[in-house]
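>>> Structure for the following, please:
(chains A, B, C and D)
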Number of protein chains: 2
Amino acid sequence: MAFKRSPLMEDRLANNRQRILQSARSLVASGGFRAAQMGAVAAEAGLSTGSIYRYFPSKAELFVEVLNQAAAHEVEVLDAAIAQGSDAHDCLRRAVAAFAQRAFDGPFLAYAFIAEPAEPEVDAARIAVRRMFGTVFHKLIRRGIRRGEFPQQNAGIAAACVVGAFTEALIGPIGATGKRNLQREAIVESICDFCVSAVGNKA
Amino acid sequence: MAFKRSPLMEDRLANNRQRILQSARSLVASGGFRAAQMGAVAAEAGLSTGSIYRYFPSKAELFVEVLNQAAAHEVEVLDAAIAQGSDAHDCLRRAVAAFAQRAFDGPFLAYAFIAEPAEPEVDAARIAVRRMFGTVFHKLIRRGIRRGEFPQQNAGIAAACVVGAFTEALIGPIGATGKRNLQREAIVESICDFCVSAVGNKA
DNA sequence: ATATAAAGTGAATTCATATTCATTTTCTGA
DNA sequence: TCAGAAAATGAATATGAATTCACTTTATAT
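Numbering: from 1, shown residues only, chains lettered A, B, ... in the order given. Take a look at the predicted model:
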């Protein structure tokens, strides 16, 4: 007779898969790619290293999925933040703030988005992710230009600059110990000022 | 009797050392850290792998020196560009343009400055290098503020944003093949506009 | 209850590089 | 020209991490 997994079992498996993804993300978030070895991921997920390979064919594919999942979530958050804004300036400020706040909380994960990864496959995924973020800001800036709220400019470059600006500004503080929460709001605000000013005014 | 290296020999050794550094840099520049294995470096320098270790105690220390040497050179170029500027706006524009132009020519090397490297020691050096670049812009912006040419702002954050903005904007185009030289000037100019506008105007 | 299929295990294997070291070659001083 | 000191070599070794696989455990169907 054909073998059929019970719904309960099916659930548990799906659960394991998800837990593996979460473990991998959490390891990257707390220690970068370096800390996310297959053995560590397995231990974190409460499985053996071998089992991971029942769920993912290779390390590369696992991390591609981690990246995509994380990115999709960020884009959702970003879109939600934008939806609440009034005019283009406000939308931009909200989007940058949302991203910056979150990057502050999970600096290593944010870092992973721009880090040179080990596997070429992950590299490709990373580039796609950056493009996704860029696209969100690109649309926002284009719309602002179309409505006359932003001056004429190269929206693609500006979008990349925005992403780069807050990424760099946020990664710097990672090194600085302590004092993070103290200055957090001030830092985020400075970054927002920078980006809004860059896109909103032309000398 | 005491052994003494002849000046000629001394020269040749210093030459070897320098050539190793150059080979390492050139490999990073053309294929990233990934392509810069000890064996490849040795081959490129016309030496055996073992010999490298007469000049550098480890891969990490070799690459720390590569990074520092490259960074010191970039800072020189940056300072020279700034020295030619008239007012603060002009200096900033020149500095950004100089950096961007050079990054365009050696994208992988520029990339290495923000890439997550294998060795923790190199990682530390990389952070120091970023700080160096940040410092150059930080001084520039502070001076502009002091002279009333730039509005009041958090100079440290703004400097980081500037570095991040052009790095990201430049790395994007690496992936895109061809069309680089065509748009090169336009891209660099857009990046300069972005940065100058961000620092020079406040909404 | 038993047989079979799937899932889980973790030690062993593979793979890719950095590093070492016994040996060879080249240099220096008499 | 020769002995001893450096320097160079590259095959062998060490390291570290991904992947496999022979075996154990758990789940499903009769």
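
>>> With adjacent residues omitted, what lies nearest to the residue nearest the centre of chain A?
Averaging the C-alpha coordinates of chain A gives a centre point, and the residue nearest to it by CA atoms, centre = their mean is residue A:71 (4.6 Å). Spatial nearest neighbour of residue A:71, chain neighbours left out: residue A:129 (4.3 Å); criterion: CB to CB, 6 or more residues apart in numbering or on different chains. For glycine as for every other residue, the C-beta is placed from the backbone atoms N, C-alpha and C.

>>> just residue A:122 next, same as before
residue A:63 (5.0 Å).

>>> how about stretch A:14-26 against DNA strand D, any contact?
No: shown here: stretch A:14-26 not in contact with DNA strand D (CB under 7 Å from any atom of the strand), separated by at least 10.4 Å.

>>> and that stretch, which residues are buried?
The neighbour-count criterion (16 or more other CB atoms under 10 Å in any protein chain shown) identifies A:16-17, A:19-21, A:23-26 as the buried residues of stretch A:14-26.

>>> what's the closest of the residues you listed to DNA strand C?
residue A:16 (5.2 Å; CB to the nearest atom of the strand).

>>> Can you name the next helix or strand after the lowest-mean-pLDDT helix or strand in chain A?
For chain A, counting by mean pLDDT, DSSP states H and E, helix A:107-114 ranks last in confidence among helices and strands (a mean of 67). Sequence-wise, the next helix or strand downstream of helix A:107-114 (DSSP states H and E) is helix A:120-146.

>>> what helices or strands is that following helix leaning on?
Applying 3 or more CB pairs under 8 Å, 6 or more residues apart in numbering or on different chains; DSSP states H and E, we find helix A:120-146 packed against helix A:59-83, helix A:88-105, helix A:107-114, helix A:155-175, helix B:155-175.

>>> redo that, cut-off 7 Å
Contacts defined by 3 or more CB pairs under 7 Å, 6 or more residues apart in numbering or on different chains; DSSP states H and E place helix A:120-146 against helix A:59-83, helix A:88-105, helix A:107-114, helix A:155-175.

>>> Select from the buried residues of stretch A:14-26 every entry located in strands.
Judged by DSSP state E, the subset of the buried residues of stretch A:14-26 located in strands is empty.

>>> Identify those among those that sit within helices.
A:16-17, A:19-21, A:23-26 (DSSP state H).

>>> overlap between these and the residues near DNA strand C?
Near DNA strand C, by the rule CB under 7 Å from any atom of the strand, you find residue A:16 out of these.

>>> Out of the ones in helices among the buried residues of stretch A:14-26, which comes closest to residue B:51?
Distance to residue B:51 across those (CB to CB) is lowest for residue A:24, with 40.4 Å.

>>> contacting residues around the closest one?
A:36, A:41, A:62-63, A:66 (CB atoms under 7 Å, 6 or more residues apart in numbering or on different chains).

>>> does DNA strand C sit close to stretch A:58-71?
No: in terms of CB under 7 Å from any atom of the strand, no part of stretch A:58-71 sits within range of DNA strand C; the closest distance is 12.4 Å.

>>> Please list the residues outside that stretch that contact it.
Residues contacting stretch A:58-71 (CB under 7 Å, 6+ apart): A:21, A:24-25, A:28, A:38, A:56, A:109, A:119, A:121-122, A:125-126, A:129, A:132.

>>> What residue in chain A comes nearest to DNA strand C?
Closest point on chain A to DNA strand C, by CB to the nearest atom of the strand, is residue A:50, at 1.8 Å.

>>> In which helix or strand does that residue reside?
helix A:49-55.

>>> elements contacting that helix?
helix A:7-35, helix A:38-45.
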